[in-house]
Structure formats: C-alpha cells, structure tokens
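[1] Predicted model, plus sequence, below.
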Amino acid sequence: MATAPELLATPDVVIRTMVETDVTSVVAIERAAYQFPWSEGIFRDCLRVGYVCRVAVAGDEVIGYGVMSVGAGEAHILNLCISDSYRCRGVGKRLLTYLVERGTAAGMSEAFLEVRPSNTSAIRLYLSVGFEQVGMRRGYYQAVGGREDAAVLKLALRPRRGSTR
Ligand SMILES: CC(C)(COP(=O)(O)OP(=O)(O)OC[C@H]1O[C@@H](n2cnc3c(N)ncnc32)[C@H](O)[C@@H]1OP(=O)(O)O)[C@@H](O)C(=O)NCCC(=O)NCCS
C-alpha cells in the first residue's frame, strides 16, 4: 500500500494515506457533511482492518477523504467526502479517480457504491467517471422520519497494461 504523498494536478492538494491522527479532522468534516455521520470508531475500524483510507490535504489541512474496501474481485467505495469550503474544485473527482485506480491496481474487476437518490451532486460526480446505476436497495439509509433507498452504482474496472495484481 502506498504511503508516500501523491501530488494531484490541483496545486497544493495532495492525496495520502489516512493515519490515526487524521481521524479528528476527518470526523469534523463528516459531521458537517452528513445528517447521519459515521462515528470516530467506524473510521478507526476502517484503518484497523486495512481498508483503503485516503485523505486529501491542502497545506496542513485535511480537506477530504475516501474509504474503500477491496476483496473478492470487488472494490466498494464506502465513503467520499470533501469539506464544504473546498467543494466544486475538482478534489472529489480526483479522490474518486484515485480510488478507482487503486481498485484496478489491486486486481478488482468492478467497483460498487451506494448513494442516496436525493444526493444529486454526488450522483453527477459518479456518472461523470463512468459509474452506472445497477440497482436500488430499499430502505438502506437512515433518514429523518424513516428510511431512504440507496441507488447502487457500478463501474467496470479495466486492468492497466503491465498491472500484475
Ligand atoms: C459529492 C462530493 C464528494 C463532490 O466533491 P467535489 O469536490 O465538490 O466535486 P468535484 O468538484 O470534483 O466535481 C466533480 C463533478 O461532480 C459533479 N458535481 C459536484 N458537485 C456538484 C454540485 N454541487 N452540483 C452539481 N454537480 C456537482 C459535477 O459533475 C462535477 O463536474 P464538473 O465540475 O465538471 O461539472 C461533495 O459534494 C461532498 O463531499 N458531498 C458531501 C458528502 C457526500 O454526499 N458524499 C457522497 C456520498 S455517496
């Protein structure tokens, strides 16, 4: 697993491996972004079990993160979030593209994710990199006053030339 920072084309924004000391910043972004946020413990568990956990960093500031599991031929993007003040600058797309490339490099043949049908900005992002809706999970998400469905999106991953795993 790569630990060295990988420079993005966007000046001063770097994607690197998430570490324990990032979790406080990550949780602050998470709580600001979602009505039903992941707990600190969930992020720590994701690190502990070895999920692909990455942060986008501008200077010393964590401005976004992505979490993905890989296994049984499938990459599953579990969380992708950019700090409100850094949205619509291409960072989400770069982080998503990075995760897709990691899934491909790990030998996965497909990537999946769930998204609330009401989350139109995220859906536009996913469609823009080639994800397609392949199903709907009824009542998957917590929602105010009940449950909300999840759209299931899939992307076929193409092995890179020379990739051995
Ligand atoms: C979804 C999210 C990750 C997008 O991150 P971002 O850095 O703002 O996205 P980008 O600037 O890279 O945008 C990439 C594409 O996504 C789409 N998009 C992103 N924000 C959008 C918005 N507010 N309205 C419409 N389309 C949007 C566009 O297609 C955009 O491409 P374009 O700029 O060429 O039009 C971000 O809005 C976020 O963190 N939301 C809260 C958490 C969340 O909902 N995560 C997804 C859970 S499934």
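    Sure, I can see it. Numbers count the residues shown, from 1 in each chain.
[2] for this protein, which spans come out with low pLDDT?
    When residues are selected by pLDDT under 70, those of the chain lie in 1-11, 160-165.
[3] Any idea which residue of it lies closest to the ligand?
    Gly92 (2.2 Å; CB to the nearest ligand atom). All C-beta atoms are positioned from the backbone trio N, CA, C, and that covers glycine.
[4] for that residue, helix, strand, or coil?
    With DSSP: H, G, I helix; E, B strand; the rest coil as the basis, the three-state label of Gly92 is helix.
[5] shouldn't it be in contact with Leu80?
    Yes - using CB atoms under 8 Å, Gly92 makes contact with Leu80 at a distance of 6.5 Å.
[6] Tell me which residues touch the residue of the chain closest to the ligand, please.
    Contacts for Gly92 (CB atoms under 8 Å, 6 or more residues apart in numbering) come out as Gly64, Leu80, Ile82, Leu125.
[7] now Ile77
    When contacts are taken as CB under 8 Å, 6+ apart, Ile77 is in contact with Gly66, Val67, Met68, Leu96, Leu99, Ala111, Phe112, Leu113.
[8] Over to Ser128?
    Lys93.
[9] Could I get the phi/psi values of the residue of the chain most remote from its centre?
    Note on the chain: the largest C-alpha distance from the chain mean falls to Gly145, namely 26.7 Å (CA atoms, centre = their mean). Torsion angles at Gly145 (phi, psi; degrees, to the nearest 10) stand at phi 80, psi 20.
[10] now do Ser109
    According to degrees, to the nearest 10, Ser109 has phi -100, psi -20.
[11] So it sits against Leu157, correct?
    Yes - using CB under 8 Å, Ser109 is in contact with Leu157, at 5.7 Å.
[12] who has more neighbours, the two?
    Between Ser109 and Leu157, counting by other CB atoms under 10 Å, Leu157 is the more crowded of the two (21 against 14).
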